[in-house]
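could you look at this predicted model? Sequence included:
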Amino acid sequence: MTNPEPPKKMSKLRIALIILASTTCFSIIVLMTFLAADLLTIPYLTPLAHFLALILSPFQPLIAPVMLGAFLKMCQHPTFPGKKIWVLITGCWVLNQVQRVCQDVGRLWSFTGTEDALEICGVRECKGSWVEVGLLVIVVVGQWRGWRWDVGMVDKWVEGIVAGAVRADEAKKAKAAENDIESGVVQEEEGVVEEIVDGDMEKTALLVDIEEKVVKKA
């Protein structure tokens, strides 16, 4: 049975490039979000942000529920190698959506009516926000009750991550075991060599003693 090949160690340059790419992507997303919300204004980029927001608006109510569901599934999954890291990653995804979800909830229920009375936004005016809040409730309740609210799609993604982490951990352990075996063989060979050397030295000392005794008798 052949041992699985150990994962190749990533170079420092590649790690730096991955970190730089992730940071750049996150910064672009934050910038486009601010531009789409008119918190910032940059020529040429602001119209582009509005256009992208218009294209992605039908899918916007699905983003926060899916990210929350992925976070909950990671938290409830049995322990696997790298679980804490993935819980942290998915948790950051959820935190990234908290501000927008709070704004949507505030749009649904706000004290902007007559004499600061509670005003509820209608389904037609705030359809996307109602869908988002409803999906968030379904995700939380469904995850608590064990329902397949995602039709197994998020589960497959999570299981794929778990399987990859397990394979990487097994390959790492196999490599460590192989190194231990090689280290043990080397130590055993060194011990054999030391025994041979010690035996030769004892034989030499015995021959010297015999020769001295023969010389004395002579």
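Sure thing, it's come through.

backbone dihedrals for residue 41, please?
The phi/psi pair for residue 41 (degrees, to the nearest 10) reads phi -140, psi 120.

if we ignore the residues flanking it in sequence, what's nearest the residue at minimal distance from the centre of the chain?
Centroid-nearest residue in the chain, with C-alpha atoms, centre = their mean: residue 86, separated by 3.5 Å. Excluding its sequence neighbours, the residue lying closest to residue 86 (C-beta to C-beta, 6 or more residues apart in numbering) is residue 74, at 5.2 Å. (C-beta placed from N, C-alpha, C; glycine too.)

gap between that neighbour and residue 68?
Distance from residue 74 to residue 68, counting by C-beta to C-beta, to the nearest Å: 11 Å.

circling back: SS state for the residue nearest to residue 86?
Each residue gets one of three states, and residue 74 gets helix by DSSP: H, G, I helix; E, B strand; the rest coil.

would you confirm that it contacts residue 84?
No: counting by C-beta atoms under 8 Å, residue 74 stays clear of residue 84, with 9.7 Å between them.

so residue 158 belongs to a helix, correct?
Yes: counting by three-state DSSP, residue 158 is found in a helix.

please begin residue numbering at 12 from this point
With the count now opening at 12, the last piece we talked about shows up as residue 169.

pLDDT wise, what is it at?
Predicted confidence (pLDDT) for residue 169: 88.

skip the chain neighbours and tell me the closest residue to it.
residue 84 (5.0 Å).

ok, now residue 154?
Using C-beta to C-beta, 6+ apart, the closest residue to residue 154 is residue 83 (4.6 Å).

same check, this time on residue 92
Of all residues not flanking residue 92 in the chain, residue 180 sits nearest, at 3.9 Å (C-beta to C-beta, 6+ apart).

before we move on, what about residue 52?
Spatial nearest neighbour of residue 52, chain neighbours left out: residue 46 (7.3 Å); criterion: C-beta to C-beta, 6+ apart.
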